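Enquirer: Sequence and predicted structure are below.
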Amino acid sequence: MIGWLISRPLPWHGRLLVLSEGIYVLSLRMKLFKYIVFLSLCSSCFHSCQNRPEPIADSRVNDYALYDADGNLHRLSRYNNSKAIVLWVQGNSCPIVRNALTDFNAIVNTYTSQGIRFFMLNSNLQDDRMEVKKETADFNFIVPVLMDGAQLLAEELDIDITSEAIVLHPVTRNILYRGPLNNRLDYEIQKNTPSRTYLRDALDAVLANQPVPKGPEMARGCTVTRLSKTGAYDNLTYTDDIAPILKDNCVRCHNPEGIAPWAMEDYKTIRGWSSMMKQVLLSKRMPPWKADPKIGSFVNSFHLADSNAAKIVRWIDNGMAYGGGEDPLASLEIVTSEWKYGQPDTIIKLNPETIPATGLLPYRYQDIPLNFGQDRWLQGVEIKPGAKKALHHLVLTNTERNKKSEITNREQRPWTDNFIALSGGDTRVTFYRKGSAILLPKNMTLTAQLHYTTTGKVETDQTVIGLYFAEEPPAKEIFALSPSNTNLSIPAHTEEIRQIAADTITKAISIHYIWPHMHYRGKSIRFSVIDPAGEKHTLLSVPDYNFNWQWFYQLESPFRAEAGSVILVEGVFDNSVQNPFNPDPSRDVGFGIQSFDEMLIGFFNYTLEE
């Protein structure tokens, strides 16, 4: 109506107004126009604020996490913005599951767009990832299959049979419904159409905020053999079974001098932290080795097999029997103050850094003049932080070396293509393979990039770096290359943004070490080599990327990449409120060196084969 008044021509008598009155009318029109624009902007702002996604309050209890058959990790709290989470129990070769797939797929197609999240769940002892992938292709599965071979989730949800549907509350993960999809199938009997649609009825009730009707007592399917019901976990004890697992996988960080917040010192401590231990094992937050265990083999792996996680969880649930004899953790000697490989040839003390109690901190840099009168061959590096819990990572770089790439036709990036060593998480020592070393030209300067995180109190860090030199020139020189994407574009409020970085190499090389790098919005990352014939070789996959846990992955055997191969780094970014690490999901994000910006880099070390 106001717009019509403004645009309406003046009546004939209005045209006789004196000039001053005309100016007054024009001024009035302009004021009205500005007022309408102001109201429009306020309305737009109000509606955009109203529609802005907000994170869901979630205690992270019952926050189950599993790999799917394709190697992606799914943590159920990431789907707490759904109306419900449906798990349908699958088993390879089960005739009822195969027969019911058309019914299940129809339900998925109907309810996914209404906010229901669907997964299949395989808890069979006999089915592995490759077999499930084949079953997926043969029978047209349209949702991910979560792999529960160690039966962690089967125990928590008391799963005994396939073809059962379990509907979980998206935040509490409590069971809202369990039972069959419908009554179309029975053992050796089937109907053309069902007369009862149990799962559809349950989902309709969820969407209508109504009480969920109870289904039949038992679904029809194939029995799931539960290892716990065979007595396999009945006699687990702390001294014989649990302490050895903790020693091999956890004590490296959970010791009095480690980076973990508490130390695994004895049975009493383990028992006191047992509920928390179970929670972080079920959610795969711990141990923080993030590489997919089915891809690649690494010298420094401390991956905890699901079978061992299941032992710890079952031991906790069964009452935490001690066993007999001396406490294995109480008598464990942790040597943390000495240099791991003996006294270094050169010890460098960095300048002290003061870290505030709270806040996000920009990277800090220190130059390290070496003042060597001759070239030296670097065999290894040990980095000893003064404030272990505050120093998130340190990257040691030789920005003066290798101005031109040895194996690509592009210019070197001085900060990333010449990195020497990394200290991050529990990784403090980098030692190169026998017969290989890094050349440090005489009188050169190294640069240390330091990234600190606040710990709740003011900290002072003075990091010490030990350098170990080879006695004679090695057979192979170690080089570095880092495919990077500096043109990242990650829109606000987006969940699955896929980006790549790639380099084509001109010479044959052997790849020894890999360090994948992203920031807070990084969700997953893969490092692969595509050979000249087009075959893709994935050397490392990190499906649960976490900026707080970055590791230097040391391949057990070097991988030979031929000349003409493409080094491919694939990253997935989550810039939504569902990413609990996201500093600001409302911001479009591009490349930048600060943690609130993003990076996609595949650092790696190599030697030339020619």
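Expert: That came through fine.
Enquirer: ok, residue 603 - contacts?
Expert: 416, 419, 422, 480, 482, 514-517 (CB atoms under 8 Å, 6 or more residues apart in numbering). Heads up, the C-betas are built off the backbone N, CA and C, glycines and all.
Enquirer: mind redoing it with 10 Å?
Expert: 395, 416-417, 419, 422, 480-484, 513-517, 527, 550, 552, 569 (CB atoms under 10 Å, 6 or more residues apart in numbering).
Enquirer: How about it: what's its closest non-neighbour residue?
Expert: Spatial nearest neighbour of residue 603, excluding adjacent residues (CB to CB, 6 or more residues apart in numbering): residue 515 at 4.0 Å.
Enquirer: That neighbour is in what secondary structure piece?
Expert: Using DSSP states H and E, residue 515 sits in strand 509-517.
Enquirer: What pairs with that strand, parallel or antiparallel?
Expert: Counting by DSSP bridges, the strands paired with strand 509-517 are strand 553-561 (antiparallel), strand 601-608 (antiparallel).
Enquirer: Looking at these, which one is packed in the most?
Expert: strand 601-608 (a mean of 24; mean count of other CB atoms under 10 Å).
Enquirer: average pLDDT for that strand?
Expert: Here strand 601-608 scores 96 as its mean pLDDT.
Enquirer: Repeat that for stretch 161-171.
Expert: 98.
Enquirer: And for stretch 175-192?
Expert: Mean pLDDT, stretch 175-192: 95.
Enquirer: can you check stretch 218-231 too?
Expert: Averaged over stretch 218-231, pLDDT sits at 95.
Enquirer: buried residues in that stretch?
Expert: 219-222, 224, 226-227 (16 or more other CB atoms under 10 Å).
Enquirer: roughly how far out does it sit from the chain middle?
Expert: 32 Å (CA atoms, centre = their mean, to the nearest Å).
Enquirer: do the same with stretch 199-211
Expert: Averaging C-alpha positions (CA atoms, centre = their mean) puts stretch 199-211 33 Å from its chain's average.
Enquirer: so when I look at residue 315, I'm seeing a helix, right?
Expert: Yes. Applying DSSP: H, G, I helix; E, B strand; the rest coil, one finds residue 315 inside a helix.
Enquirer: Now do the same for the spatially closest residue to it that is not a sequence neighbour: its pLDDT.
Expert: Spatial nearest neighbour of residue 315, excluding adjacent residues (CB to CB, 6+ apart): residue 236 at 4.4 Å. Here the pLDDT value assigned to residue 236 is 98.
Enquirer: now swap in the one 4 residues further on and tell me
Expert: The confidence metric pLDDT takes the value 98 at residue 240.
Enquirer: Where does it sit: helix, strand or coil?
Expert: Residue 240 ends up helix, using three-state DSSP.
Enquirer: measure it to residue 324 for me?
Expert: 8 Å (CB to CB, to the nearest Å).
Enquirer: Looking at the two, which one has more neighbours?
Expert: residue 240 (15 against 9; other CB atoms under 10 Å).
Enquirer: residues touching the more buried one, list them.
Expert: Counting by CB under 10 Å, 6+ apart, residue 240 touches 321-325, 328.
Enquirer: What residues sit buried inside stretch 168-183?
Expert: For stretch 168-183, burial by neighbour count (16+ other CB under 10 Å) applies to 168-171, 173, 176-182.
Enquirer: ok, back up a step: what is the mean pLDDT for the strand holding residue 515?
Expert: 96.
Enquirer: Please apply the same query to stretch 396-412.
Expert: 83.
Enquirer: again, but for stretch 307-322
Expert: Mean predicted confidence for stretch 307-322 is 97.
Enquirer: how is this structure carved up into domains?
Expert: 2-51, 65-228, 233-317, 346-476, 482-608 (automatic domain parsing).
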